[in-house]
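Participant: Okay, sequence plus prediction incoming.
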Amino acid sequence: MKLVVGLGNPGPEYADTRHNAGFRIVERLAQRHGIVLRRERRLGARLGAGSVRGVGVTLLEPQGFMNCSGGAVAAALAELALADPGADLLIVYDDLDLPFGRLRIRPGGGAGGHRGLADVQDRLGRSDFPRLRFGIGRPPPGVDPVDHVLAPFAVEEAAQLPALVDAAADAIEAILSEGVEAAIGRFNPDGGQSPREGKKAPKG
């Protein structure tokens with residue numbers, strides 16, 4: 001069993017924001033594979049189980065706010081009793097420091113200023129699990145990064161978003177069925193682990 005977690009903020013007021021890219025991607029994967037996400041109050045999350053390319057998978061969307069994502073992830077890991085969270089957990093989230101629509105897969109590492117991921121790492125006490133970052137781009141000059149991530153995608157971005165979310169779902173399928181290193185070779189722009197882009201700014 002694998003656990004794929006999309007990070008975002010709950011509620012309709014946040015549904016179309018850049019910060020909810022993780023939710024969008026996980027929901028697209030669920031749609032493809034007929035997985036129904038339901039609210040589970042005991043976990044504080046929406047989740048559903050099914051199969052992706054022959055791999056058993058649980059999809060999870062924490063329903064606390066972004067900065068409190070770790071509690072639901074820790075609870076799900078305890079309930080699912082995954083053999084190795086370092087191999088069986090995948091976190092999907094937005095990233096300011098990647099150009100819009102750019103994907104980057106990493107096998108582990110720091111949170112890079114993303115507070116949702118940081119909370120997951122704090123609650124689990126580890127950072128050695130794969131993650132898929134979806135670029136949302138830097139804000140224009142003079143725009144606060146928090147305002148940027150909590151704003152809807154621009155009109156021209158929204159037009160491109162369905163195809164880009166599909167590509168991210170493709171990347172998750174590859175990670176699950178082919179492994180992280182193979183997916184890195186296919187989906188990272190440089191085919192590997194280049195230095196992280198740009199100077200980090202706080203992310204809500």
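Facilitator: Looks like it came in fine. Numbering: from 1, shown residues only.

Participant: Quick one: classify the residue nearest the centre of the chain as helix, strand or coil.
Facilitator: Centroid-nearest residue in the chain, with C-alpha atoms, centre = their mean: V92, separated by 1.3 Å. Recorded secondary structure, V92: strand (DSSP: H, G, I helix; E, B strand; the rest coil).

Participant: list the contacts for it?
Facilitator: 4-7, 21-22, 25-26, 131-132, 134, 168, 172 (C-beta atoms under 8 Å, 6 or more residues apart in numbering). The C-beta positions use only the backbone N, C-alpha and C, and glycine is treated the same way.

Participant: In the chain, what helix or strand scores lowest on average pLDDT?
Facilitator: helix 85-88 (a mean of 87; mean pLDDT, DSSP states H and E).

Participant: Show me what that one is packed against.
Facilitator: Under the contact criterion of 3 or more C-beta pairs under 8 Å, 6 or more residues apart in numbering; DSSP states H and E, helix 85-88 touches strand 2-6.

Participant: Which strands border the strand it packs on, and is each parallel or antiparallel?
Facilitator: Paired strands of strand 2-6, with direction, are strand 55-62 (parallel), strand 89-95 (parallel) (DSSP bridges).

Participant: Just say which of those is most tucked in.
Facilitator: Ranked by mean neighbour count, the strands paired with strand 2-6 are led by strand 89-95 with a mean of 26 (mean count of other C-beta atoms under 10 Å).

Participant: No more questions from me, cheers.
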